[in-house]
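Student: any chance you can model this:
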Amino acid sequence: MIEPNKGRDEEPESGESHKERVNRELGELLQGLRVAVTGVQVLFAFLLTLPFATGFHKLSSVGRWLFFIALLSAALASVCFITPAAQHRLLFRTSLKEKMLRRANELGIVGAGGLAIAMTSSVALVAETVINAWPAALFGGTVALASTWLWILQPIVDLHRIKHVTS
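Tutor: Numbers count the residues shown, from 1 in each chain. Next comes the predicted model:
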């Protein structure tokens with residue numbers, strides 16, 4: 001897992017203390033998760049209504065599997081994105097802020113993975129229902145590749161480049 005501030009100095013040049021930095025980083029991370037949770041909750045809410053929609057019973061076996069994968073992934077992403085805020089409330093004013101920061105970072109990464117799977121399978125479900133099977137794989141694969149590159153691989157490449165520049 002990628003840890004926040006790994007390799008950074010204890011006292012940054014800005015004069016920010018360790019405690020101030022942890023407080024700021026935790027606030028920034030929670031704010032970022034708030035943005036992500038809104039998107040995943042809209043998708044999750046939509047998926048929860050689908051079984052009650054007219055025509056849902058006409059879904060193929062593949063469509064039903066895509067639906068359940070999307071629903072489960074959106075639920076997992078929601079849990080991961082909401083957990084840091086819930087834990088922050090329970091652990092408020094304790095000495096565990098740095099632990100919360102690391103845990104929230106890890107949950108954000110897992111939540112992003114769940115959201116990517118939910119989006120991929122949702123797009124594939126719609127494409128499979130509207131167009132047919134092979135375009136569903138193509139469109140779902142496009143979403144999977146885009147989210148994998150932009151959310152995971154590109155930042156890892158950037159980290160790798162920074163390590164070689166600073167070495």
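Student: what segments of this structure are helices?
Tutor: Taking DSSP state H, the helices of the chain run over residues 18-49, 61-90, 97-130, 133-148, 154-166.
Student: and the second one, which residues are buried?
Tutor: Which is helix 61-90. Neighbour counts over helix 61-90 (16 or more other CB atoms under 10 Å) mark 63, 66-67, 69-71, 73-78, 80-84, 87-88 as buried. All C-beta spots, glycine's among them, are computed from the backbone N, C-alpha and C.
Student: what's the angle from it to helix 133-148?
Tutor: Counting by axes from the mean of the first three to the mean of the last three CA atoms, to 10 degrees, helix 61-90 points 20 degrees away from the direction of helix 133-148.
Student: residues near residue 109, how many?
Tutor: 16 (other CB atoms under 10 Å).
Student: so what's the most centrally placed residue in the chain up against?
Tutor: The centre of the chain sits closest to residue 112, judged by CA atoms, centre = their mean, with a distance of 1.6 Å. By CB atoms under 8 Å, 6 or more residues apart in numbering, residue 112 lies in contact with 36, 77, 147, 151, 152.
Student: for the residue nearest to the fourth one when sequence neighbours are not counted, give its distance to residue 141.
Tutor: This means residue 151. Closest residue to residue 151 apart from its sequence neighbours, by CB to CB, 6 or more residues apart in numbering: residue 112 at 5.2 Å. For residue 112, the distance to residue 141 (CB to CB, to the nearest Å) stands at 18 Å.
Student: residue 117 now?
Tutor: Taken as CB to CB, the span from residue 117 to residue 141 is 12 Å.
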